[in-house]
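K.L.:
Would you be able to build a 3D model of this:
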Amino acid sequence: MNSTRTRRVLGSAAATAVATLSVGTLAVPAHAAAPALVLDVGALVQIPGEPTTQPQFGENVFIRIGRTGTAPVPGARLTLDTSGLDGVAALTASGGRCVTAARTISCDLDNLSSPNVNLTDHLWLSAVPGVRAGTRGVVHAALTAPGAESATKDFAVEVGGAVFRTAGIPLKEHTKVGSTFTPAVRFANRGGVSAARAVVEVMMLPGLKVENWPSNCEYATDPGQLGQEGFGTPIATTYGICTVEGEILPNEPVRLNGLDLTVTPEARYTFADFSVFADPDAAAAQAPALRERLAFRRGTGAPATLTRDSAEGIPSGYPDINGHFTEQEVLADNGADFVLTGTWTPDASGRAGTLTVTAANRGPASIFDRSGGEGTPYVRIQLPEGATVTDLPRNCRANDQVLGEPQGHPLNKFDCEVFDFYMANGDSSTQVLGLRLDEGTGPLSATVSFQNQLSEFEEGYPSAPMSWDPDPGNDRIKVALRSAAAPGTPAPDGGTGTGTPTGPVVPASATDPARTGTGTAAAGDGTATPSAGRTGTAGTTTTARTTGTTGTAAPGLADGGELADSGRGDAVPLAWASATALALGGAALLASRRLGRRHS
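P.N.:
A predicted model of the protein is given here:
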């Protein structure tokens, strides 16, 4: 869709069936079923009651098309029969692939190669002059292709009907965990006829909850499809659908009452989205698709109500595609302790081994980075001279730059992506590097630190500025790779070489490229329970025969062999004095594409 705030239609195409037959002892080769075409459009499209000129590249009818299977479908054609719009509205297409003959628009789509994609032919509906407000018509849509199962869909068009436009909700700052408040959900009917009800759709991220849903609301929990659709990080999301009966006159402003939000211990920055519709089948409504895949329950509390309110802050005029939406952002007085732990496990020779690094969010808050990446930390591993990487995880890369400038030579510095934009309480990610050490007797140690995009271009960031972290002292650690003793010194078990590693040992080549490692943090991680932890299948465990060493935070970082993160000597202090605050929300997005946008 044109607007990044437009909700993406949920749901996917049906899977392609493959059948096999067996007659006696002769197997008949399997044949893939014919592809099925997919056509999706909102059941009701609402437009202003007066004729409106189409803006350049504008569209107000959003159709998604696709096909099952993996092979492109040639000869696909979309046909729109508009005879049901006579006396109501006119539909045009200006994308170049469509032609109009009488009351039919035909669009040649060539090879349909996507399972689900927006039609990009700029469909525009405009009311005919003099039509009465609230009048409806219908469009018959059909998607066909030779040898494929066709798809058909009818959608209604309403001219000047009841439709809501919302006011913005101010950011709620310095909110206390455990407090309860009522968000100022205010809207007005900007259509030409009265609305019989208001349907309020709610979406809440972790950190907010409704203790007792009103009896005219339904609610359900999504275990994480929202994040997985767009970014790969599962986010447990709560949805609500509240239907408040009662007439709302044209241009009448109202406020929603009785839907109270409680701030939970997971809150740092979080938000709740509200969309209001006069018709549950409105094109942007998600309720029909949500009911297909989630099990909703009815609330038992006092019913939510609507009361007449001031029109201040509610835009006038017929709403655009985003007019139904508003958002409550919350910034709680809360934090999350991000922690690094590391373990070195040498082999029997003492000249090779595995460096295991775990990044974890010990909570209590879950951290949501909505600023486009500045707040999301990655892990930097600075190795000393004399240490060489022999096995590097696929989500790690060598970094040979200082303040964004290539140095023209390796710096023995490696950056590993460990968190996505959403970092749940209890979330952790483990990286395992294979290392080889040069012969010698001097001590060697690796420096491990949290970094982020600011670290690439500005001085003074020995670790990522994470304003939510109450204990930055464990955001940068040292892991001893070799003590002062020369290789070959008897192991602590008496020289038999039968010691056991102090941390998980997994070949780096077996780590999950999607940052779903199963490594465990060091003892003392607390009792935080992962709400969306990265769990995956670990590789083959390698048993080392000498006792490993664990990393420790060290303000001085003065051990021999140490290189600074910039590769110019370790002169950067451990602690940072003034953390850069995480940028907070501007205009909101809808569905999963809202979650990763940069603030305006």
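K.L.:
Could you use CA atoms for every contact and neighbour count after this?
P.N.:
Fine.
K.L.:
What residues does the residue lying closest to E218 once chain neighbours are set aside make contact with?
P.N.:
Spatial nearest neighbour of E218, excluding adjacent residues (CA to CA, 6 or more residues apart in numbering): R298 at 4.5 Å. R298 makes contacts with 213, 215-219, as judged by CA atoms under 8 Å, 6 or more residues apart in numbering.
K.L.:
can you tell me how far L331 sits from S179?
P.N.:
From L331 across to S179, the span is 12 Å (CA to CA, to the nearest Å).
K.L.:
ok, what's across the strand from A332?
P.N.:
T175 (DSSP bridges).
K.L.:
Quick one: low-confidence residue ranges for the stretch 1-150 of the chain.
P.N.:
Residues of the stretch 1-150 of the chain meeting the criterion pLDDT under 70: 1-32.
K.L.:
Now do the helices in this structure.
P.N.:
For the chain, the helices defined by DSSP state H cover 225-230, 287-293, 453-457.
K.L.:
other SSEs contacting the shortest one?
P.N.:
Think helix 453-457. Applying 3 or more CA pairs under 8 Å, 6 or more residues apart in numbering; DSSP states H and E, one finds that helix 453-457 contacts no other helix or strand.
K.L.:
Return the set of buried residues in that helix.
P.N.:
Buried residues in helix 453-457, defined by neighbour count with 16 or more other CA atoms under 10 Å: 454-456.
K.L.:
now do stretch 238-252
P.N.:
238-244, 248-252.
K.L.:
Run through who's touching it.
P.N.:
Here stretch 238-252 makes contact (CA under 8 Å, 6+ apart) with 162, 188-206, 209, 216-222, 287, 304-306, 308, 311.
K.L.:
Can you select the buried ones among these for me in ChimeraX?
P.N.:
Selection of buried members from the contacts of stretch 238-252 for ChimeraX, criterion 16+ other CA under 10 Å:
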select :162,188,189,190,191,192,193,194,195,197,198,199,200,201,202,203,204,205,206,209,216,217,218,219,220,221,222,287,304,305,306,311
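K.L.:
Which of the contacts of stretch 238-252 fall in strands?
P.N.:
In strands, defined here by DSSP state E, the members of those are 188-189, 195-204, 209, 217-222, 305-306, 308.
K.L.:
follow-up on the earlier one: out of L331 and S179, which sits in the more crowded spot?
P.N.:
L331 (19 against 11; other CA atoms under 10 Å).
K.L.:
out of everything not next to it in sequence, what's closest to Y461?
P.N.:
Among residues not flanking Y461 along the chain, S455 sits closest, at 5.5 Å (CA to CA, 6+ apart).
K.L.:
so the one you found touches A464, yeah?
P.N.:
Yes - counting by CA atoms under 8 Å, S455 does reach A464; the two are 6.7 Å apart.
K.L.:
mind putting the buried residues of stretch 238-252 in TSV, pLDDT included?
P.N.:
As requested, those are exported to TSV (pLDDT from 0 to 100):
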residue	pLDDT
T238	96
Y239	97
G240	98
I241	98
C242	98
T243	98
V244	98
I248	97
L249	97
P250	96
N251	95
E252	96
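K.L.:
Make CSV from those residues and add distance to V276 to it.
P.N.:
Formatted as CSV, the buried residues of stretch 238-252 follow (distance: CA to CA, whole Å):
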residue, distance to V276
T238, 17
Y239, 14
G240, 12
I241, 10
C242, 9
T243, 10
V244, 11
I248, 13
L249, 15
P250, 15
N251, 15
E252, 14
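K.L.:
and the gap between I477 and S449?
P.N.:
The gap separating I477 from S449 is 6 Å, by CA to CA.
K.L.:
any shared contact partners between the two?
P.N.:
With CA under 8 Å, 6+ apart, I477 and S449 have common neighbours L340.
K.L.:
Let me know the pLDDT of the residue nearest to Y461.
P.N.:
With respect to pLDDT, S455 scores 79.
K.L.:
measure it to G95 for me?
P.N.:
44 Å.
K.L.:
Give me the phi and psi angles of the nearest residue to G207 once chain neighbours are set aside.
P.N.:
Spatial nearest neighbour of G207, excluding adjacent residues (CA to CA, 6+ apart): A267 at 3.8 Å. As for A267, its main-chain torsions (degrees, to the nearest 10) stand at phi -80, psi 130.
K.L.:
Next up, the contacts around the residue nearest to Y461.
P.N.:
S455 is in contact with 403, 461-464, counting by CA under 8 Å, 6+ apart.
K.L.:
again, but for R482
P.N.:
Contacts of R482 were listed using CA under 8 Å, 6+ apart, and they are 442-445.
K.L.:
and if we set it to 6 Å?
P.N.:
443-444 (CA atoms under 6 Å, 6 or more residues apart in numbering).
K.L.:
again, but for D333
P.N.:
D333 neighbours (CA under 6 Å, 6+ apart): 174-176.
K.L.:
ok, 10 Å please
P.N.:
Neighbour list for D333: 173-177, 265, 267-269, 365, 468 [criterion: CA atoms under 10 Å, 6 or more residues apart in numbering].
K.L.:
List buried residues within those residues.
P.N.:
Buried residues within the contacts of D333, defined by neighbour count using 16+ other CA under 10 Å: 175-177, 265, 267-269, 365, 468.
K.L.:
Export the residues you listed as CSV, with columns for distance to D337 and pLDDT.
P.N.:
As requested, these are exported to CSV (distance: CA to CA, whole Å; pLDDT from 0 to 100):
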residue, distance to D337, pLDDT
T175, 19, 96
K176, 18, 97
V177, 16, 97
P265, 13, 97
A267, 13, 96
R268, 12, 95
Y269, 15, 95
A365, 8, 96
W468, 8, 91
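K.L.:
Identify, from these, the entry nearest to L435.
P.N.:
Closest approach between the buried ones among the contacts of D333 and L435, by CA to CA: W468, at 33.4 Å.
K.L.:
Could you double-check that G42 lies in contact with F155?
P.N.:
Yes - the pair G42 / F155 is scored as a contact, 6.7 Å apart, by CA atoms under 10 Å.
K.L.:
intersection of neighbour lists for these two?
P.N.:
With CA under 10 Å, 6+ apart, G42 and F155 have common neighbours 281, 283.
K.L.:
Could you check which of those two is surrounded by more residues?
P.N.:
With neighbours defined as other CA under 10 Å, G42 and F155 compare such that G42 has more, 22 against 18.
K.L.:
State the phi and psi torsions of the closest residue to that one other than its chain neighbours.
P.N.:
Of all residues not flanking G42 in the chain, A283 sits nearest, at 4.0 Å (CA to CA, 6+ apart). In terms of degrees, to the nearest 10, the main-chain angles of A283 are phi -60, psi -40.
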